[in-house]
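**Student:** Provide a 3D model corresponding to the input given below.
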Amino acid sequence: MEPEKLSNYVVLMNIYNSTGRLEEAAAVVQTLRRRGLRMLPACSWIDVKKQAHCFHSGDKSHAQTDEIYQKLDKMMLEIAKHGYLPTNKSLLPDVDKQEEWISFYHSEKLAIAFGLISTSASTSLQIVQSHRICSDCHNVIKFIAMISRREIVVRDASRFHHFKDGNCSCGDYW
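**Tutor:** Residues are numbered from 1 along each chain as shown. Model prediction:
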């Protein structure tokens with residue numbers, strides 16, 4: 001139905017991904033390419049000192065890129081000590097090593113790392129995400145909220161997620 005609508009393909013791809021049918025999900029991506037339809041890259045932004053900072057997955061264009069990546073890498077090591085295990089469930093069979101690397105540095109993770117290094121420890125972080133947050137990032141943010149003792153609010157394409165003390169207001173249903 002409505003083969004010209006990108007959103008229909010995205011829903012189908014997400015259904016296949018969530019049920020572990022990665023080959024079918026990859027076929028949807030191939031169909032998108034054949035039809036010339038493109039998914040826009042996810043973008044996350046955070047306002048710090050009344051200035052918006054925008055991030056894309058794997059983004060290295062920010063003036064503080066080195067500090068942002070160092071903070072994120074440090075946080076990832078710390079949350080691993082508290083039980084975090086990465087999930088690659090959403091990776092398709094045709095994902096190459098470059099794309100796999102980018103998934104470790106999704107835009108919302110970069111925005112949060114920037115917020116952590118740019119604000120005081122008592123400041124809550126508010127992130128806006130242009131797409132729906134992935135399950136791995138959702139888990140990462142729960143752990144970051146727990147170990148940083150920060151409240152983190154993420155507005156994604158579906159809803160607000162209020163992370164506090166290792167929990168999310170959505171009850172892990174999004």
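
**Student:** what about the helix or strand containing Ala80, distance to the chain center?
**Tutor:** Using DSSP states H and E, Ala80 sits in helix 65-81. Distance of helix 65-81 from the chain centroid (CA atoms, centre = their mean, to the nearest Å) equals 15 Å.

**Student:** Run through who's touching that helix.
**Tutor:** For helix 65-81, the external contacting residues (CB atoms under 8 Å, 6 or more residues apart in numbering) are 59-60, 62, 84, 104-105, 109-110, 112-114, 116-117, 140, 143-144, 147-148. All C-beta spots, glycine's among them, are computed from the backbone N, C-alpha and C.

**Student:** Going by neighbour count, which of those residues are buried?
**Tutor:** Among the contacts of helix 65-81, the ones that count as buried by 16 or more other CB atoms under 10 Å are 59, 62, 84, 104-105, 109-110, 112-114, 116, 140, 143-144, 148.

**Student:** Of those residues, which one scores lowest on pLDDT?
**Tutor:** Within the buried ones among the contacts of helix 65-81, Phe104 has the lowest pLDDT, namely 80.

**Student:** list the contacts for that one?
**Tutor:** 76, 86 are the contacts of Phe104 under CB under 8 Å, 6+ apart.

**Student:** What separation is there between it and Val48?
**Tutor:** Look at Phe104 and Val48: by CB to CB, to the nearest Å, they are 23 Å apart.

**Student:** Cys54 now?
**Tutor:** For Cys54, the distance to Val48 equals 12 Å [CB to CB].

**Student:** Ile141 too?
**Tutor:** Distance, Ile141 to Val48, by CB to CB: 17 Å.

**Student:** Check Gln129 too.
**Tutor:** Gln129 sits at a distance of 16 Å from Val48 (criterion: CB to CB).

**Student:** got it, and His131?
**Tutor:** From His131 across to Val48, the span is 22 Å (CB to CB).

**Student:** and the protein, what are its domains?
**Tutor:** For the chain, the structural domains run 6-35, 43-168, going by the TED database.

**Student:** neighbour count winner among Gln129 and Val48?
**Tutor:** Set Gln129 next to Val48 and count neighbours by other CB atoms under 10 Å: Gln129 wins out with 23 against 16.

**Student:** Excluding chain neighbours, give the residue nearest to Ser107 in space.
**Tutor:** Spatial nearest neighbour of Ser107, chain neighbours left out: Ser44 (3.8 Å); criterion: CB to CB, 6 or more residues apart in numbering.

**Student:** With that, I have no additional questions.
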